[in-house]
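Novice: The following comprises the amino acid sequence and a computationally predicted model.
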Amino acid sequence: MAVNTGKVTGRRAVAYESLDDVLVDAERLVAAPKVKMLGNWSLGQMLAHLAGGMHMSIDGTEHRAQSRNASNSSRRVSVSRKPSSISSRV
């Protein structure tokens, strides 16, 4: 049964000074004999999600968001690494 993650209590508070601190915490969680996950994902799924986000923040991404409806399917938006240079073509 799916967990409504908006209503989950008991989350641990985390604050990291560096990416090395994130890695240490992830390794500690992986080495722990029992980790209680409070949401719908396994520890492996959560770590893969975080790793993907970290890789994209460093390497960038070629991902293009899919249109929500067919009427917008011809519109393309390209975004560079600089927030000030967002362009839209129709």
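Specialist: Structure's in. What do you need?

Novice: Assign a three-state SS to A15, would you?
Specialist: Recorded secondary structure, A15: coil (DSSP: H, G, I helix; E, B strand; the rest coil).

Novice: typo on my end, it should be L29
Specialist: helix.

Novice: That one contacts V35, doesn't it?
Specialist: Yes - L29 lies in contact with V35 (C-beta atoms under 8 Å); the separation is 5.5 Å. Where you see a C-beta, it was placed from the backbone N, CA and C, and this is true even at glycine.

Novice: Could you tell me the end-to-end distance of stretch 60-68?
Specialist: 23 Å (C-alpha to C-alpha, to the nearest Å).

Novice: and the longest helix for the protein?
Specialist: Secondary structure of the chain per DSSP state H: the longest helix is helix 43-59.

Novice: tell me which residues in it are buried?
Specialist: M46 (16 or more other C-beta atoms under 10 Å).

Novice: tell me what it is packed against?
Specialist: Counting contacts by 3 or more C-beta pairs under 8 Å, 6 or more residues apart in numbering; DSSP states H and E, helix 43-59 packs against helix 19-31.

Novice: Please state the offset of the helix it packs on from the chain centre?
Specialist: Centre-to-centre, helix 19-31 and its host chain are 17 Å apart (C-alpha atoms, centre = their mean, to the nearest Å).

Novice: For that helix, buried residues please.
Specialist: Of the residues in helix 19-31, none is buried (16+ other C-beta under 10 Å).

Novice: Identify the residues contacting that helix?
Specialist: Contact with helix 19-31 is made by V14, Y16, V35, L43, L47, L50, M54, as judged by C-beta atoms under 8 Å, 6 or more residues apart in numbering.

Novice: And stretch 43-60, by the same measure?
Specialist: So stretch 43-60 is contacted by L19, V22, A26, L29, V30, V35, M37, G39, W41, H63, R81 (C-beta under 8 Å, 6+ apart).

Novice: where's the fifth one relative to S42, distance?
Specialist: With distances defined as C-beta to C-beta, to the nearest Å, the gap from V30 to S42 amounts to 12 Å.

Novice: Ok, the fourth one next?
Specialist: When distances are taken as C-beta to C-beta, L29 and S42 turn out to be 11 Å apart.
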